[in-house]
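Q: Have a look at this prediction, sequence included:
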Amino acid sequence: MQTGNISRKALITGGAKGIGRAISKKFSLENYKTVIADIENIELQDENIFFCNTDVTRSSDIDHLFSWTTKKIGNPDVLVINAGIGIQESLTEGDPEKWQKVMDTNLMGALRCIRAFVPAMLEKGEGNVVFISSVSANQPHPSGGIYSATKTALEVIAETLRLETLPHINVTVISPGITDTNFFENQISGHTSVEGLDMGYITPEDIAEDVFYAISRKNNRSINKIVTRPLKQNF
């Protein structure tokens, strides 16, 4: 465990609300200096948490995030790739422009952050990269093709990064099931809700605990994937 070591540093994309916010609070409690990168401004009342307005779909924003973060807290020891958006549209009737936005956020945003922040981890010889995926990965379902495709691709990216950075970087995929956040309300298209699915839910804090568990392993152990669902969830 890293409790008490104030020198540890983390960066979380999409950390203004929901899972990302819960992760930032968990890290702060464990004495990590933490940067939240998000398009939505937030007010902070925590001396361990900092905010940088960032749109991960823009290369210029990632360049700014990198320079701002390294000046504010130094190179992160932990990169949590959480920024993402959902969509529910038929492949034969949906809007390709909306699909492109989802892909730019969920995939290219992740790749831009990897390219910006992981080289410093490699130079140091250690680091953690955590990808917040979804149980939708590798699960085709009607109107869910675009979102599922981005999460499937994200998990391929994660495994590729693990192989390319052996033995220095610990890469973990966290795949939440139904989680009590505003995710469904913020989808580009679709009318699903946590209540409508009627399978129960887990909390953002549950996922934050998973993240910290994964990055805290010692003795050359690497936790590469965690799937957490409510007990009633059937997919």
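A: Thanks, I have the structure now.

Q: What values do phi and psi take at the most centrally placed residue in the chain?
A: The centre of the chain sits closest to residue 82, judged by Cα atoms, centre = their mean, with a distance of 1.7 Å. Phi and psi for residue 82, reported as degrees, to the nearest 10, are phi -120, psi -20.

Q: pretty sure it is in contact with residue 132, am I right?
A: Yes: here residue 82 lies in contact with residue 132, judged by Cβ atoms under 8 Å, at a distance of 4.3 Å. In short, each C-beta sits where N, CA and C put it, glycine included.

Q: so what pLDDT did the residue nearest to the centre of the chain get?
A: If you check residue 82, the pLDDT there is 98.

Q: ok, it - contacts?
A: 12, 13, 14, 15, 19, 20, 23, 132 (Cβ atoms under 8 Å, 6 or more residues apart in numbering).

Q: Can you work out which residues contact both of residue 82 and residue 132?
A: 14, 19, 20.

Q: Now the buried members of those.
A: When the shared contacts of residue 82 and residue 132 are checked for burial by 16 or more other Cβ atoms under 10 Å, the buried set is 14, 19, 20.

Q: So which of those is the closest to residue 234?
A: Nearest to residue 234 out of those is residue 19 (Cβ to Cβ; 21.6 Å).

Q: Helix or strand for the closest one, just tell me which one.
A: For residue 19, the element it lies in under DSSP states H and E is helix 18-29.

Q: For that helix, C-alpha coordinates in PDB please.
A: Below are the C-alpha coordinates for helix 18-29, written out as PDB (Å, rounded to 0.1, in the frame of the first residue of the first chain):
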ATOM      1  CA  GLY A  18     -19.100   9.400 -11.400                       C
ATOM      2  CA  ILE A  19     -16.400   6.800 -11.400                       C
ATOM      3  CA  GLY A  20     -13.600   9.200 -12.200                       C
ATOM      4  CA  ARG A  21     -14.500  11.500  -9.300                       C
ATOM      5  CA  ALA A  22     -14.700   8.500  -6.900                       C
ATOM      6  CA  ILE A  23     -11.300   7.400  -8.000                       C
ATOM      7  CA  SER A  24      -9.800  10.900  -7.400                       C
ATOM      8  CA  LYS A  25     -11.300  10.900  -3.900                       C
ATOM      9  CA  LYS A  26      -9.900   7.500  -3.100                       C
ATOM     10  CA  PHE A  27      -6.500   8.500  -4.300                       C
ATOM     11  CA  SER A  28      -6.600  11.700  -2.200                       C
ATOM     12  CA  LEU A  29      -7.400   9.600   0.900                       C
END
